[in-house]
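Trainee: Turn this into a structure:
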Amino acid sequence: MWSFFLASLVVALVPGPDNLFVLSQSAAFGRKAGFVVIAGLSTGICIQILLLVTGLSLVLVNSPKAFFVLQCLGALYLLYLAFLSFRVQKGVISVEKTKALSPFKLYRRGAFMNLTNPKAVIFLLAFLPPAVNTSLSLSPSTQIIVLGLLFILSVWIVFGAFAFFGGWVYHFFSSSPKANLYLNRAAGTVFIFLALSLFIW
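Mentor: Numbering: from 1, shown residues only. Prediction:
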């Protein structure tokens, strides 16, 4: 358990779509927004774990058409977020304006970001089942759920640190409309990069 948990912390630290997404959203909307996004991502991971336990993840991975559709959905959503970021004009963003994005929308962004990421499906398939100990009395499905919860805990610890740092960036730039413009441009660039990364293995 401890070895798996430490491995999960290391994996969560590796730059990837989810932690970069948390960083960009907390930098654009504040620390609390970052934690709401993490909650959405965690919900997505929970659903991914249930798909893994029921065997649906394996079906998805083994279906090229379904996998390609998931890739396209994820890329289109990220490009849509990039469009919203690049549409922001100088002087439009302010502290009050950024708070207009509701917690539900931020939560939905996090959940949809995870669920439309095909790499997340493959990662959990490769990461959780090998950690199952068949000598234990617990069933493999129960062990996968427990290991999945440990992974989610590691995500909260590491991504929480990303959210704190992003919140610091937000407070540093929130008083400057010009800086906010550049911050949104940077976030849009990150979204485009993440969209392209879904098709690069």
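Trainee: can you map out the strands along this protein?
Mentor: For the chain, strands defined by DSSP state E do not occur.
Trainee: Longest helix in it, please.
Mentor: helix 140-173 (DSSP state H).
Trainee: Counting by contacts, list what it packs against.
Mentor: helix 2-13, helix 17-29, helix 31-54, helix 177-197 (3 or more CB pairs under 8 Å, 6 or more residues apart in numbering; DSSP states H and E). Every residue, glycine included, has its C-beta placed from N, CA and C.
Trainee: buried set for it?
Mentor: For helix 140-173, burial by neighbour count (16 or more other CB atoms under 10 Å) applies to 143-148, 150-152, 154-156, 158-160, 162-163, 165-167, 169-170, 173.
Trainee: ok now do residue 158, which residues does it touch?
Mentor: With contact set as CB atoms under 8 Å, 6 or more residues apart in numbering, residue 158 has these partners: 9, 12, 13, 19.
Trainee: how near is it to residue 111?
Mentor: Going from residue 158 to residue 111 by CB to CB, to the nearest Å gives 18 Å.
Trainee: again, but for residue 157
Mentor: Distance from residue 157 to residue 111, by CB to CB: 20 Å.
Trainee: now swap in residue 103 and tell me
Mentor: 12 Å.
Trainee: Reformat the contacts of residue 158 into JSON lines and put neighbour count and pLDDT next to each item.
Mentor: Output for the contacts of residue 158, formatted as JSON lines (neighbours: other CB atoms under 10 Å; pLDDT from 0 to 100):
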{"residue": "9", "neighbour count": "16", "pLDDT": "92"}
{"residue": "12", "neighbour count": "21", "pLDDT": "89"}
{"residue": "13", "neighbour count": "15", "pLDDT": "88"}
{"residue": "19", "neighbour count": "20", "pLDDT": "87"}
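Trainee: Mind picking out the helix or strand in the protein with the poorest mean pLDDT?
Mentor: helix 95-98 (a mean of 40; mean pLDDT, DSSP states H and E).
Trainee: Show me the contact partners of stretch 19-29.
Mentor: With contact meaning CB under 8 Å, 6+ apart, stretch 19-29 is reached by 12-13, 33-35, 37-38, 41, 85, 98-99, 101, 106, 109-110, 113, 158-159, 162-167, 169-170, 173, 183-184, 186-187, 190-191, 194.
Trainee: from the middle of its chain, how far away would it be?
Mentor: Centroid separation for stretch 19-29 versus its chain: 10 Å, with CA atoms, centre = their mean, to the nearest Å.
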